[in-house]
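**Student:** Pasting a predicted model and its sequence here:
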Amino acid sequence: MDAATLWQRYQDWLFYHKELEFYLDISRMRFDDAFVETLRPKFEKAFQDMDALEKGDIANPDENRMVGHYWLRDADLAPTPELRDEILNTLEKIEDFTEKIQTGAIHPSGKFQFTDVLSIGIGGSALGPEFVAEALAPVSPALAIHFIDNTDPAGIDKVMAQLQDKLDTTLVLVISKSGGTPETRNGMIEVKKVYESKNLNFPSHAVAITGTGSNLDQLAKSEGWLATFPMYDWVGGRTSELSAVGLLPAAMQGIDIREMLEGAKEMDAVTRIPKLEDNPAALLALCWYFAGNGKGEKDMVVLPYKDSLLLFSRYLQQLVMESLGKEKDLEGNVVHQGIAVYGNKGSTDQHAYVQQLREGVANFFVTFIEVLEDRQGISPEVEPGVTSGDYLSGLLQGTRQALYENLRDSITVTIPQVNPRTVGALIALYERAVGLYGFLVNINAYHQPGVEAGKKAAAAVLDLQKQVMQVLQAEGAPLSLSELAEKIGTPERVESIYMLLRHLQANQRGVVLEGNPGQPSSLKVSAS
Ligand SMILES: O=P(O)(O)OC[C@H]1O[C@H](O)[C@H](O)[C@@H](O)[C@@H]1O
């Protein structure tokens, strides 16, 4: 395509939203008009399905749930007055509680104010708050936030070491929609033990964000925690950033949550328009469909050219992959759908893996995120007439061009600044694009049945570990691994027994393994 034709294509497909100062350029995706026409009927249906979803249809049939994250930023759209009031009341409660914490009206015993927030959660109960903190927290936030988002003991120790002198002024948010996720529960129990070891009253530092009636909710209420905030069953974990899950941590740091909601609401309004060319989420879904042939054949590489958006791709990884990565379609046919997402930030990644993008296997498309404002204030020159920001901008354009010349497609999203409004808008844009794409490929984007298999297998390993310890404690003489597996009655699980014994020994957990660890059949094991 010559330069003039490409420039015309750029202008023909450019989407611009005046109030949000938001641009979407899809000119470097090499679809043609015929492709667009073939997808139009699918979009007609997707727009109708989305409309029904927003009106309260059971859009998550497996779990028999409504899908209502769009109501969070425009409560008037909630299907019943009760739901509307619940949304608005929770928002007011978040603001009221935050103000009391920030002004010291609620304060820790013997101290004027809370200084820090420790957020414990995983998956959708961590990725949004982490992304938003990285993107929007001021240098000196009202309360500084820290995260435990795993059951890694060393990771927990690191966070607790950072907080050791401030635990008495740290507010602990325990976030779990189900209220039963083991990683989060473990983090909570460990943190509680540290509080108790320092004679600090954990409940008066603790806040729960969870589904009403969950185990966590019951615990918080029975122990008299400072507060509890609801997580609704009609909001999925990966679309919960604009519920209490994301809003409370953001508000605590001094981030303007009303602006986040406003940005999302404006983006929702435009992505509700049932016309492809006027709807940026539909345009994204079109591009994803084109790139991967409607089967996820190409990966989505997300490259924000702005450090504060570093965690956007990690956030999108869950939103996109947990929503779209499905074995079956809505009719039960095996389809193995999904789109893989990865990326960190430009231009940093230019010096890491962009070599492969330009010249290697062409199994991806890029989404560049461009931020027009370099920084607040004037930049110094690093060369005559050139700033660091000019470099960043030039590198984005250069990479986009170099990829295109080598037949690698890209989308470019442009925002004026990284601020609460644009971050809210980006979240809403991708939530809607994922929803529309889910309808295009006819899958349930709102459940995650595949996650359960690993959880069940992990629970079985922990059961096996208990049996191993019981048998070893009852036995006098050392046993080979196969003898041990026989005695437990699970000869087929000998590999699992080997793996868990190796872990127990490394952590002085009451087993002695003798022999050559590289030759498992030579090992003898006994209780220490
Ligand atoms: O918020 P929770 O109930 O603790 O769930 C945390 C996460 O765990 C699960 O395994 C799901 O796959 C995620 O969608 C969810 O966000």
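**Tutor:** Nice, thanks for sending it over.

**Student:** all helices of the stretch 101-250 of the chain, in order?
**Tutor:** Assigned by DSSP state H, counting those that start in this stretch, the stretch 101-250 of the chain shows helices spanning 127-136, 153-163, 182-197, 215-223, 244-252.

**Student:** what do you get for the stretch 401-528 of the chain?
**Tutor:** Using DSSP H, counting those that start in this stretch, the helices of the stretch 401-528 of the chain run over residues 420-440, 449-474, 481-488, 494-506.

**Student:** out of the ones you listed, nearest to the ligand?
**Tutor:** Comparing the helices of the stretch 401-528 of the chain against the ligand with C-beta to the nearest ligand atom, the closest turns out to be helix 449-474 (3.9 Å). Where you see a C-beta, it was placed from the backbone N, CA and C, and this is true even at glycine.

**Student:** ok, back up a step: including mean neighbour count and distance to Gly236, could the helices of the stretch 401-528 of the chain go into JSON lines?
**Tutor:** Below are these laid out as JSON lines (neighbours: other C-beta atoms under 10 Å; distance: least, C-beta to C-beta, whole Å):
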{"stretch": "helix 420-440", "mean neighbour count": "25", "distance to Gly236": "10"}
{"stretch": "helix 449-474", "mean neighbour count": "13", "distance to Gly236": "12"}
{"stretch": "helix 481-488", "mean neighbour count": "18", "distance to Gly236": "39"}
{"stretch": "helix 494-506", "mean neighbour count": "17", "distance to Gly236": "32"}
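
**Student:** which residues touch Gly438?
**Tutor:** By C-beta atoms under 8 Å, 6 or more residues apart in numbering, the residues touching Gly438 are 323-324, 444-446.

**Student:** how close does the residue of the stretch 301-450 of the chain found nearest the ligand get to Leu472?
**Tutor:** The ligand sits closest to Gln448 of the stretch 301-450 of the chain, with a gap of 4.4 Å, by C-beta to the nearest ligand atom. Applying C-beta to C-beta, to the nearest Å, the value for Gln448 to Leu472 is 37 Å.

**Student:** rewinding a little: possible to save the helices of the stretch 401-528 of the chain as JSON lines with mean pLDDT?
**Tutor:** Formatted as JSON lines, the helices of the stretch 401-528 of the chain follow (pLDDT from 0 to 100):
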{"stretch": "helix 420-440", "mean pLDDT": "98"}
{"stretch": "helix 449-474", "mean pLDDT": "94"}
{"stretch": "helix 481-488", "mean pLDDT": "97"}
{"stretch": "helix 494-506", "mean pLDDT": "97"}
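
**Student:** got CSV for these, with distance to Tyr404 too?
**Tutor:** Shown next, in CSV, are those (distance: least, C-beta to C-beta, whole Å):
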stretch, distance to Tyr404
helix 420-440, 22
helix 449-474, 35
helix 481-488, 56
helix 494-506, 47
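
**Student:** Relative to Glu183, which of those is closest?
**Tutor:** helix 449-474 (10.1 Å; C-beta to C-beta).

**Student:** Which neighbouring elements make contact with the closest one?
**Tutor:** With contacts taken as 3 or more C-beta pairs under 8 Å, 6 or more residues apart in numbering; DSSP states H and E, helix 449-474 sits against helix 481-488, helix 494-506, strand 524-527.

**Student:** Using JSON lines, lay out these together with distance to the ligand.
**Tutor:** Shown next, in JSON lines, are the helices and strands packed on helix 449-474 (distance: least, C-beta to the nearest ligand atom, whole Å):
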{"stretch": "helix 481-488", "distance to the ligand": "29"}
{"stretch": "helix 494-506", "distance to the ligand": "22"}
{"stretch": "strand 524-527", "distance to the ligand": "33"}
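
**Student:** closest one to His17 among the ones you listed?
**Tutor:** helix 494-506 (52.2 Å).

**Student:** Which positions in this structure make contact with the ligand?
**Tutor:** Residues of the chain lying close to the ligand by C-beta under 6 Å from any ligand atom are 122-125, 176-178, 181, 184, 237-238, 322, 448, 451.

**Student:** So which one of those is the model least confident about?
**Tutor:** pLDDT across the residues of the chain next to the ligand is lowest for Val451, at 91.

**Student:** who touches that residue in this structure?
**Tutor:** Residues in contact with Val451 (C-beta under 8 Å, 6+ apart) are Glu322.

**Student:** what do you get for Gly343?
**Tutor:** Gly343 makes contact with 300-304, 313, 349, 367, according to C-beta under 8 Å, 6+ apart.

**Student:** Adding pLDDT, write the contacts of Gly438 out as a markdown table.
**Tutor:** Below are the contacts of Gly438 laid out as a markdown table (pLDDT from 0 to 100):
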| residue | pLDDT |
| --- | --- |
| Ser323 | 98 |
| Leu324 | 98 |
| Asn444 | 96 |
| Ala445 | 97 |
| Tyr446 | 96 |
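
**Student:** Of those residues, which is the most crowded?
**Tutor:** Counting neighbours by other C-beta atoms under 10 Å, Ala445 comes out on top of the contacts of Gly438 with 28 neighbours.

**Student:** Now do the contacts for it.
**Tutor:** 323-324, 326, 434-435, 437-439.

**Student:** hmm, back to that, tell me which two of the contacts of Gly343 sit farthest apart.
**Tutor:** Met300 and Asp349 (13.9 Å).

**Student:** quick one: which of the helices and strands packed on helix 449-474 is nearest Leu403?
**Tutor:** helix 494-506 (42.4 Å).

**Student:** by contact count, what packs against the closest one?
**Tutor:** Looks like helix 494-506 contacts helix 449-474, helix 481-488, strand 511-514 (3+ C-beta pairs under 8 Å, 6+ apart).

**Student:** can you put those in CSV and add distance to Leu429?
**Tutor:** Shown next, in CSV, are the helices and strands packed on helix 494-506 (distance: least, C-beta to C-beta, whole Å):
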stretch, distance to Leu429
helix 449-474, 25
helix 481-488, 52
strand 511-514, 52
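
**Student:** Does Leu440 touch Ala285 like I think?
**Tutor:** Yes - with contacts counted by C-beta atoms under 8 Å, Leu440 reaches Ala285, the gap being 6.0 Å.

**Student:** Met300 and Asp349 - which one has more neighbours?
**Tutor:** Met300 (25 against 19).

**Student:** hey, what's the more buried one bridged with?
**Tutor:** Met300 forms beta bridges with Val341, Phe365, as assigned by DSSP bridges.

**Student:** I figured it was touching Met321, is that so?
**Tutor:** No - contact between Met300 and Met321 fails when scored by C-beta under 8 Å: they sit 9.4 Å apart.

**Student:** what residues are shared contacts of those two?
**Tutor:** Counting by C-beta under 8 Å, 6+ apart, the residues touching both Met300 and Met321 are 339-341.

**Student:** Check the offset of stretch 329-346 from the chain's centre.
**Tutor:** Remark: stretch 329-346 is offset 15 Å from the chain centroid, using C-alpha atoms, centre = their mean, to the nearest Å.

**Student:** And stretch 72-81, by the same measure?
**Tutor:** 24 Å.

**Student:** Show the contacting residues for Leu407.
**Tutor:** So Leu407 contacts 30, 362 (C-beta under 8 Å, 6+ apart).

**Student:** any idea how far Val159 is from the closest residue in space to Asp217 that isn't next to it in sequence?
**Tutor:** If the residues on either side of it in the chain are set aside, Asp217 comes closest to Thr210, at 5.0 Å by C-beta to C-beta, 6 or more residues apart in numbering. As judged by C-beta to C-beta, Thr210 and Val159 stand 21 Å apart.

**Student:** More neighbours: those two, which one.
**Tutor:** Counted by other C-beta under 10 Å, Thr210 and Val159 do not tie: Thr210 has more neighbours, with 29 against 17.

**Student:** Which pLDDT does the model give that one?
**Tutor:** pLDDT recorded at Thr210 is 98.

**Student:** Settle this for me: it is touching Tyr232, isn't it.
**Tutor:** No - with contact defined as C-beta under 8 Å, Thr210 does not count as touching Tyr232 (10.7 Å).
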